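J.: The sequence and its predicted three-dimensional model are supplied below.
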Amino acid sequence: MEKRNIRISVIVPTYNVEKYIGKCLDSLVEQDYDNYEVLVINDGSPFGEQAIIDEYQKKYPQIIKSYIKENGGYGSVLEMGIALSQSDYMLVCDPDDYLDKKALKTLAQYQKDSGAELVVGAKNLVYSDNEEVKYDKSFNEDFGYLKDKKLYLKGDKDFETLYFMEPSPHAKLYPLNLLKDLKFPHKVAYTDNLLYFYTLSKVQSVTYCSEALSYYLINREGNTRTDLKPTVIDAWVEVFKNILEQVKNGEAIFYYRMFEGFYAIFYKVEDIKGDKEIKKAKYALVYGLIPYFFNYAALLIPYLEKDNAKIKEQKLNLLNPKKSKKTYDYMVKAKLEGTLKGRIKKSIMENKYLHKVYDFYHYFAKYIYAQRRSKIDLHNDVQMQCINENGTNFFGYYDKPCYAYGHFLYHHLDSSSLSLDQEVKIMVDDKEVSKTTAWNFQQGSMATWFDERHIMHNFFDGEQYRSKLVDIETLETKIYSFPIYSLSKDKRFALSLNFSRLAKLRPDYGYINLPYQNLPDDDNDGIYYLDLANDQVDLYLSLKTIKSFMPKESMIKAVHKVNHIDISPDSDKAIFLHRWFLNKVKYTRLILVEIATKKMTVLADNDMVSHMAWVNNELLFGYLRGDNGKDGYFYVDLNGHKQMFEHPLLIDDGHPTIINERFIVTDTYPDYTCKSKLYLIDRQDKSVSTLGAFYSGMRYRGVRRDDLHPRCDLNNMGLTIDSVFSGKREVYHLDLDKLLKDKV
């Protein structure tokens, strides 16, 4: 006999949500599930939502049950809901949130398939001001990853990750039989923390659903997540005390998670509204959590090993009853008055002359600091090899493969000189196949694979820039009358630009063989179309045409250029950056052009666009300023609609490259440790992994800098990068097979 569907009670705590309750209840009555009830509990709200609730209750009496109680706060509603429910499981849906139509069915299936006592899931964040939706995996990957449909058993190491799950009730199925003795503090917010950690301490098994089934409205007016008032600290402290009092004999990881929670509250005090005396009172309140940890200090010590010596000592002193209060008072004083080091730094920064000295010192000090550190940090599951250890080697940009058809294509210098007036060799594996003096460190000579037998690159013939097709076996060549920038995937044509204009306006991307002071006017320069079959070149889009399309006032007296042309995988479209400079201010917009018709569409026009990549023929991914005013990584469709991809690691600009549409690799510029990071983005589970960090010394700056420029292999799960961590410029191949074997 087939096991019946578990019965689920959906609890909807209601107070002052007249504007939102209708959308919430619509999503609940339309659930694709046959064994559930909706308990709408009005917490004594004086507003108008009850009339709306009554209408839904009359229309759906078999689903919706309505209750009105005296105001007691969120916890009192959960307490009442648990007492009223006769179901197997409970799900909480706040009235300003809503569920996907298949939410209950999916979560119930996860429980049925796994047998887990608790089901936790991902959610979507919804911004009320612009209705932008962002995926939130709901766990902190610094403490491990949760895998879809995996059964997590208490006692196993990976169970610990669950303690760093987002404790909000969204997309969680709670077993009601374990909650009957749970007591909530009344008239206190954030009691969902108590619900989650109490349940986690009781269950023996949990499963995770990576699909976002709940929609969480996070920035409506009055939302507790939005406004940080002094009473918020009161609520957090009260809830954490309740958690520590009601969870008995918890695991060591539980007490570490709570201790980290104490620190999170402590650091939030400085953000609350109020004067110094109010903050001092809140700091005193927060200390009330510390004595709860005295008896568990020995359990916490192993988790403190990851901290630096100073922080570890501070935490150990906090956990020592004899040193705790004195240590805490010092921490509070530092927050309220600033540390001695901080006060000195503030004085320096307020003095313009000392500020310049400080900047000069800090600039060079970071390189001295980095010299004492490791020059490379590589993920354990990534295999890396240098493709040529002799001389100086580099490939260039991120928008074309270095490794294809079983061979490596790259540039080689016999010397270690960083001069741009040298002749570089074009190499395929260990074989020199051509040479050129038209190149730069950022993009090389635009060397690119044409097919398995031929490569193309730019060169200078003594009079003008051209491009060359080279047979890598016979070394026979075909000369074209114009250099290339982006080669179409069907190999019919290439789009290009004026490399002398780049040399003047962006020296790290231009060629220096020809004088570049006197450039063509905007009527006679721009994007060029090179017909490869006929070796015919035409001015495809002039700068005048480009700047006349949806013009802006800042363009009128500006100097213009184009850059970063990239043709779509189907060869029907291209994107490019239109940049203009006015009074030393740079403006950029992203433009799409249809190859056949020359029809243009502005995809991003918020003054900042950096690096983009084609995910497929209909979607782009890259770093830009969104319509929300934030800089970051966005998906952009061909109509200019944008969706931000947020992740704590992805805070800096980089060069994204796509691996078979699912994975994206991107990099960063060197940080304060002089290291550039390399990240792997999994579009399916929205995770980001650090593949490595690579040192770049002081020698490699400006036009001679070394960006990692990750480039995916052609038809292979690997990539190449340029790096100088060894002390000289090299090309490295990274094999990702071992890392990705569980994902593909």
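T.: Structure's in. What do you need? Numbering: from 1, shown residues only.
J.: same for the helix of greatest length in the chain, what does it pack against?
T.: Longest helix in the chain by number of residues, with DSSP state H as the criterion: helix 352-371. Contact here means 3 or more CB pairs under 8 Å, 6 or more residues apart in numbering; DSSP states H and E; on that basis helix 352-371 packs against helix 340-350. All C-beta spots, glycine's among them, are computed from the backbone N, C-alpha and C.
J.: returning to what we had before: after the longest helix of the chain, which helix or strand is next?
T.: Where DSSP states H and E defines the elements, the next helix or strand beyond helix 352-371 is strand 376-378.
J.: Go through the protein and flag its longest strand.
T.: For the chain, the strand with the greatest residue count under DSSP state E is strand 205-217.
J.: quick one: strands adjacent to that strand?
T.: Paired neighbours of strand 205-217 in the sheet (DSSP bridges): strand 98-99 (antiparallel), strand 118-126 (parallel), strand 151-153 (antiparallel).
J.: host element of Ile265?
T.: For Ile265, the host element (DSSP H and E) is helix 252-268.
J.: What residues sit buried inside that helix?
T.: Neighbour counts over helix 252-268 (16 or more other CB atoms under 10 Å) mark Ile253, Phe254, Tyr255, Tyr256, Arg257, Met258, Phe259, Gly261, Phe262, Ile265, Phe266 as buried.
J.: And the residues you listed, which is closest to Leu420?
T.: Of all those, Phe266 has the smallest distance to Leu420: 52.7 Å, by CB to CB.
J.: who's in contact with the closest one?
T.: Shown in contact with Phe266 (CB atoms under 8 Å, 6 or more residues apart in numbering): Tyr283, Val286, Met331.
J.: Could you find the closest non-adjacent residue to the residue nearest in space to the middle of the chain?
T.: Centroid-nearest residue in the chain, with CA atoms, centre = their mean: His647, separated by 2.9 Å. Closest residue to His647 apart from its sequence neighbours, by CB to CB, 6 or more residues apart in numbering: Val688 at 4.7 Å.
J.: separation between the one you found and Asn628?
T.: Counting by CB to CB, to the nearest Å, the gap from Val688 to Asn628 is 20 Å.
J.: Who has more neighbours out of the two?
T.: Counted by other CB atoms under 10 Å, Val688 and Asn628 do not tie: Val688 has more neighbours, with 18 against 15.
J.: Now do the one helix or strand the more buried one maps to against helix 352-371: the angle between them, please.
T.: Taking DSSP H and E as the definition, one finds Val688 inside strand 687-695. Strand 687-695 and helix 352-371 are oriented at 100 degrees to each other (axes from the mean of the first three to the mean of the last three CA atoms, to 10 degrees).
J.: Next, the buried residues of strand 687-695.
T.: Quick answer for strand 687-695 (16+ other CB under 10 Å): Ser687, Val688, Ser689, Leu691, Gly692, Ala693, Phe694, Tyr695.
J.: can you put the residues you listed in a markdown table and add pLDDT and distance to His709?
T.: Listed next are those as a markdown table, based on pLDDT from 0 to 100; distance: CB to CB, whole Å:
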| residue | pLDDT | distance to His709 |
| --- | --- | --- |
| Ser687 | 89 | 23 |
| Val688 | 92 | 19 |
| Ser689 | 92 | 19 |
| Leu691 | 96 | 14 |
| Gly692 | 95 | 14 |
| Ala693 | 95 | 15 |
| Phe694 | 95 | 12 |
| Tyr695 | 92 | 16 |
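J.: would you turn those residues into JSON lines with distance to Lys504?
T.: JSON lines is the format used below for the buried residues of strand 687-695 (distance: CB to CB, whole Å):
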{"residue": "Ser687", "distance to Lys504": "43"}
{"residue": "Val688", "distance to Lys504": "38"}
{"residue": "Ser689", "distance to Lys504": "40"}
{"residue": "Leu691", "distance to Lys504": "36"}
{"residue": "Gly692", "distance to Lys504": "36"}
{"residue": "Ala693", "distance to Lys504": "35"}
{"residue": "Phe694", "distance to Lys504": "31"}
{"residue": "Tyr695", "distance to Lys504": "32"}
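J.: circling back: which phi and psi does the residue nearest to the centre of the chain have?
T.: phi -160, psi 140 (degrees, to the nearest 10).
J.: Check the secondary structure at Tyr635 for me.
T.: Put simply, Tyr635 is strand when judged by DSSP: H, G, I helix; E, B strand; the rest coil.
J.: show me the residues around it that make contact.
T.: Val615, Leu619, Leu620, Phe621, Lys642, Gln643, Phe645.
J.: ok, what's across the strand from it?
T.: The partner residues for Tyr635, given DSSP bridges, come to Phe621, Gln643.
J.: re earlier: what's the following helix or strand after the helix holding Ile265?
T.: helix 276-287.
J.: Show me what that next one is packed against.
T.: In terms of contacts (3+ CB pairs under 8 Å, 6+ apart), helix 276-287 is packed against helix 230-246, helix 252-268, helix 324-337.
J.: ok, back up a step: ok, residues contacting the strand holding Val688?
T.: Residues external to strand 687-695 that are found in contact with it (CB under 8 Å, 6+ apart): 137, 141, 145, 370, 373-379, 382, 384, 647, 649-650, 665, 673-682, 708, 721, 723-725, 734, 736, 739.
J.: Sitting in helices, which of the residues you listed do you find?
T.: Those of the contacts of strand 687-695 lying in helices (DSSP H): Ala370, Leu739.
J.: just the buried members of the contacts of strand 687-695?
T.: For those, burial is judged from neighbour counts taken by 16+ other CB under 10 Å, and it is met by 137, 141, 145, 370, 375, 377-379, 382, 384, 649-650, 665, 673-681, 708, 721, 723-725, 734, 736, 739.
J.: before we move on, back to that, with pLDDT and neighbour count added, can I get the contacts of Phe266 in JSON lines?
T.: Formatted as JSON lines, these follow (pLDDT from 0 to 100; neighbours: other CB atoms under 10 Å):
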{"residue": "Tyr283", "pLDDT": "94", "neighbour count": "21"}
{"residue": "Val286", "pLDDT": "96", "neighbour count": "23"}
{"residue": "Met331", "pLDDT": "93", "neighbour count": "17"}
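J.: Count the neighbours of the nearest residue to His355 once chain neighbours are set aside for me.
T.: Sequence neighbours aside, Met349 is the residue nearest to His355 in space, at 5.5 Å (criterion: CB to CB, 6+ apart). Residues contacting Met349 under the criterion other CB under 10 Å number 12.
J.: circling back to that earlier point, would you turn the strands paired with strand 205-217 into a markdown table with distance to Phe576?
T.: Output for those, formatted as a markdown table (distance: least, CB to CB, whole Å):
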| stretch | distance to Phe576 |
| --- | --- |
| strand 98-99 | 40 |
| strand 118-126 | 32 |
| strand 151-153 | 48 |
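J.: Tell me the spacing between the residue nearest to His355 and Leu125.
T.: Taking CB to CB, one finds Met349 at 36 Å from Leu125.
J.: any idea of the pLDDT on Gly697?
T.: In this model, Gly697 is scored at 87, pLDDT.
J.: any idea how far it lies from Leu413?
T.: Distance of Gly697 to Leu413, computed by CB to CB: 17 Å.
J.: Need the strands paired with strand 205-217 in JSON lines (columns: mean pLDDT and mean neighbour count).
T.: JSON lines is the format used below for the strands paired with strand 205-217 (pLDDT from 0 to 100; neighbours: other CB under 10 Å):
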{"stretch": "strand 98-99", "mean pLDDT": "96", "mean neighbour count": "24"}
{"stretch": "strand 118-126", "mean pLDDT": "93", "mean neighbour count": "23"}
{"stretch": "strand 151-153", "mean pLDDT": "97", "mean neighbour count": "17"}
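J.: Show me what counts as buried in the helix or strand encompassing Lys468.
T.: Assigned by DSSP H and E, Lys468 falls within strand 465-471. Using 16+ other CB under 10 Å as the test for burial, strand 465-471 gives Tyr465, Arg466, Ser467, Lys468, Leu469, Val470.
J.: With that, I have no additional questions.
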